[in-house]
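Visitor: Everything below, folded, please.
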Amino acid sequence: MPLTSYNLREFYRTLGGRIVRRLIVERLAKMWPDMNGYRLLGAGYATPFLRDCRENTERTVCVMYAGQGVHHWPADEKNSVCLADETELPFETNSIDRILLVHSLEFTGFLESAFEELWRVLKSNGRIIVIVPNRIGLWARADWTPFGHGTPFTSGQVENFLKENRFIPERTERALFVPPFKSQTLLRSALIWEKIGHRLCAAMGGLVFVEASKQIYAGTGRAARSRDAAPAPKPVTAPEPILRRK
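Guide: Model (predicted):
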């Protein structure tokens, strides 16, 4: 069973969760330094990492998958989150510049139909970052954190799955080198661990980040599903220009 959106929200409100969020946001900022004018979609449970991006993007929206539930975000503003089936996203084809998928793959597994939808909504020059717990990292064994639930993966597994689903892996990074201490005092040393880990044991980061682009011309041999067969679920307050037409 995946963790619910409320479980995840509570984790990121703790000191440990805030430290994890900071490390993930810093890694994302290095991978995507310029988000000016982009349409950004956070899929799975991405809201903790999108707050800093919203000032520069043209539009930032989130979709939480049905198995996790949904809550309002941002807390003090008009809602920008919708609840949808991962195989039927309520967005126009070729409407999204960047997709961040996090807290998802470890619970759904390699669900091809979900990645068909991500491929569909991503623009031809768009990019996606998939974040998963690292199978050989310590955080995948820490069941008092979200990363200790579900199935962790190696970078090679994620890269191969993306290739099989019309994405081209462009770069792979890792983050979260601090051990999953329960002690708040020890967690405060996370930035030091992060610097040392990147230099000395890059493969051991607790999280794997795989960035991929959209492959346009190579087919997968699978028949395309009809996009008009069923109406898409209506999001709570998703922006109109990128909503999928019914």
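Visitor: where does this protein have its least confident helix or strand?
Guide: The weakest-scoring helix or strand in the chain, judged by mean pLDDT, DSSP states H and E, is helix 184-187 (a mean of 77).
Visitor: Spell out the residue ranges of the strands in this structure.
Guide: Assignment of strands within the chain using DSSP state E yields the ranges 39-44, 59-65, 81-84, 96-102, 122-133, 167-175, 207-214.
Visitor: need the contact list for the residue nearest to F91 when sequence neighbours are not counted.
Guide: Distances taken as CB to CB, 6 or more residues apart in numbering put V121 closest to F91, at 4.6 Å, once the chain neighbours are dropped. Where C-beta positions appear, they are placed from N, C-alpha and C, glycine not excepted. Taking CB atoms under 8 Å, 6 or more residues apart in numbering as the criterion, V121 is in contact with L41, L89, F91, E92, T93, N94, S95, I96, I99, R244.
Visitor: now the third one, which residues is it bridged with?
Guide: Beta-bridge pairing for F91 (DSSP bridges): L243.
Visitor: Surely it and R39 touch.
Guide: No - shown here, F91 and R39 do not form a contact pair, counting by CB atoms under 8 Å, at 9.2 Å.
Visitor: tell me, how many neighbours does the spatially closest residue to L162 that is not a sequence neighbour end up with?
Guide: If you skip the residues right next to it in sequence, L162 has A212 as its closest partner in space, 4.8 Å away by CB to CB, 6+ apart. Close neighbours of A212, defined as other CB atoms under 10 Å, add up to 26.
Visitor: who's A212 bridged to?
Guide: A212 forms beta bridges with I128, P169, as assigned by DSSP bridges.
Visitor: Does it touch N165 like I think?
Guide: No - between A212 and N165 there is no contact, the gap being 9.4 Å when judged by CB under 8 Å.
Visitor: Counting neighbours, which of the contacts of V121 comes out on top?
Guide: Counting neighbours by other CB under 10 Å, L41 comes out on top of the contacts of V121 with 28 neighbours.
Visitor: With I96 as the reference, measure out to it.
Guide: When CB to CB, to the nearest Å is the yardstick, L41 and I96 sit 5 Å from each other.
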